[in-house]
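Engineer: Fold the stuff below for me.
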Amino acid sequence: MSIDQYGIHIGILYIRFYALIIMLGVVAGIVLSDRLAVKKKKDPDFLYGSVIWLFIAGVIGARLWHIFTPPPSMTAVGLTTSYYLSHPLEAIAIWQGGLGIPGAVIAAVAMLYYLTRREGESFLAWIDILAPGAAVAQAIGRWGNFVNHELYGAPTTVPWAITIPAENRLPQYAQFETYHPIFLYESLWMLGTALFLIWLDRQYGKRLKPGDLFLSYLTSYAVIRFMLEFLRLDASLVGGYSTNQLVMGVVFIASAGLLISRHTARPAKKRSRK
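Structural biologist: Modelled structure (predicted):
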């Protein structure tokens, strides 16, 4: 057995730290979701029976997001959407990197909707239960970007800047050594989001409507992802605009708007019959 900066070699088996960190995040998310399920008197068996399907859907969705929104640095070396579509083995090679959280969220939500409908469970109840756990999983999983020396932002000399090895720097920034740790900013924000959702549920659980915790999660994630795109050096672009910023802008408006409308809209008055 030997260990390098990216993983562990055990014979012909190579276990990447990136994968281990993601799995750690998933396990932490499951543990938290289990506790919330018990608190809300929901059967944890549904959770454990669904986890593998949610995970598979999330990975597929995350990979598809990357394939259809490749960053400029990858398109520059020929790793375009059309290339992936014509090279299916490359498309499934997630161990080489390339996962997008927006795609993971979309696919996992779609899978959860299917599973709850099939099992006669409440979709809104379970998506609220899973929201804090998803935030925790993201907070932990982002550290996989640290060990891979990726997801760094603009060059900077702030005290918490991270050093990126020369071979992992974008060619146009090769002369810079230290960068903003975007992964760290998102990790801390999502950890704070998870704590906020737990607090919100404990303090105002009786006033919340089904789906409110998930909408709060979406609103929070949209904010940090939108803001961090200003620091990102290799953002996917559509018409000169960041793909993620466009998507997150829509997500924020939709989720925040729905949250506000759900709690400010007055119930329709019943018409009296004469």
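
Engineer: separation between G257 and P102?
Structural biologist: For G257, the distance to P102 equals 19 Å [Cβ to Cβ, to the nearest Å]. C-beta: built from backbone N, CA, C; applies to glycine.

Engineer: Look at these two and report which has more neighbours.
Structural biologist: More neighbours sit around P102 than around the other of G257 and P102, counting by other Cβ atoms under 10 Å; the figures are 19 against 12.

Engineer: Spit out the contact partners of the more buried one.
Structural biologist: Residues counted as contacts of P102 (Cβ atoms under 8 Å, 6 or more residues apart in numbering) are 65, 225, 244, 247-248.

Engineer: just H263 next, same as before
Structural biologist: H263 is in contact with K209, counting by Cβ under 8 Å, 6+ apart.

Engineer: Name the surrounding residues that touch the longest helix along the chain.
Structural biologist: Ranked by residue count under DSSP state H, the longest helix found in the chain is helix 44-68. The list of residues contacting helix 44-68 from outside it, by Cβ under 8 Å, 6+ apart, reads 26, 30, 33-34, 37-38, 81, 84-85, 91-92, 94, 98-108, 110-112, 115, 119, 121, 126, 129-130.

Engineer: any chance you could map the strands in the stretch 51-200 of the chain?
Structural biologist: For the stretch 51-200 of the chain, the strands identified by DSSP state E, counting those that start in this stretch occupy 162-163, 178-179, in order along the chain.

Engineer: Okay, buried residues for the longest helix of the chain please.
Structural biologist: Neighbour counts over helix 44-68 (16 or more other Cβ atoms under 10 Å) mark 46-47, 50-51, 54-55, 57-67 as buried.

Engineer: try stretch 151-161
Structural biologist: The neighbour-count check on stretch 151-161 (16+ other Cβ under 10 Å) flags 151-153, 155-156, 161 as buried.
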